[in-house]
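**Q** What would the 3D arrangement of this be:
(one chain, ligands or ions: 2)
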Amino acid sequence: MTARRLRIGVMGGTFDPIHHGHLVAASEAAVALELDEVVFVPTGNPGNKKVISSSEHRYLMTVIATAANPRFTVSRVDIDRPGVTYTIDTLTELSKLRPDSDLFFISGADAIAQILAWKEVDRIWPLAHFVAVTRPGHQLQLPQVKEARISQLEVPALAISSTDVRNRAAVGKPIWYLVPDGVVQYIAKHKLYRGHGDSVHN
Ligand code: ATP
Ligand code: MG
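**A** Ligands and ions are numbered 1, 2, ... in the order given. Down below sits the predicted model:
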């Protein structure tokens, strides 16, 4: 009898900082898709987006936020790879590391739209199933691509974004309950986001 293939969720993001929106989305996807594990993958250099905190800060906050959940893990593949992070490279590397698994790339509608804009988009579809989570303010337009395995998942409307958390931290507003307690404490300890109050959503 052949062993069942593991079902692994992949949650990529800048996680600057990780917040409860990310964690709820991952947890809902894990239940809905019967995932054995969700791997959080902080991006290295996202290329199109300004990152405020270093890779190590973003990685450590992700570790702190996910530590208590036995199904959540964190991967360094993107932050340890030099150059700009592309989802195709993330998925190629993870599928080599976990050859007996089916990958489910979990992302918001904004991130799916970015993947579609990628120039060799056809190469990405065989690597994973795609789970598009809806979040407030983002209308989901599922692409009509024959070879794409894309499903939609509604998560409880959490109007939390990293941009808002950074803006609040910059002006000393509370960020308790938007991010896990350990992440609140980590941000205070390292004085992250001070003087970055004008960042806009990206
Ligand atoms: P920023 O405001 O800096 O863009 P963000 O909150 O969008 O940050 P990212 O690290 O860019 O966070 O997002 C990583 C992934 O999580 C993306 O696929 C994004 O669509 C998704 N995501 C972000 N916020 C939420 C949320 N509140 N609920 C569900 N998914 C979310
Ligand atoms: Mg974003």
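
**Q** ok now the helix or strand bottoming out on mean pLDDT in the chain, how far from the chain's centre?
**A** Across the helices and strands of the chain, the lowest-confidence element by mean pLDDT, DSSP states H and E is helix 109-116, at a mean of 76. Taking Cα atoms, centre = their mean, to the nearest Å, the mean C-alpha location of helix 109-116 is offset from the chain mean by 12 Å.

**Q** Now the element after it, going C-ward?
**A** strand 129-134 (DSSP states H and E).

**Q** and residue 86, how many neighbours?
**A** If you count neighbours by other Cβ atoms under 10 Å, residue 86 ends up with 19. To be clear about C-beta, it is placed using only N, CA and C from the backbone, and glycine gets the same treatment.

**Q** separation between it and residue 62?
**A** With the distance defined as Cβ to Cβ, to the nearest Å, residue 86 ends up 19 Å from residue 62.

**Q** can the least confident helix or strand of the chain be found next to ligand 1?
**A** Yes: when contact is scored as Cβ under 6 Å from any ligand atom, part of helix 109-116 falls within range of ligand 1: 110-111.

**Q** Output the contacting helices and strands for that helix.
**A** Using 3 or more Cβ pairs under 8 Å, 6 or more residues apart in numbering; DSSP states H and E, the elements in contact with helix 109-116 are strand 129-134.

**Q** Partner strands of the strand it packs on and their direction?
**A** Strand pairing for strand 129-134, using DSSP bridges, gives strand 101-108 (parallel), strand 150-154 (parallel).
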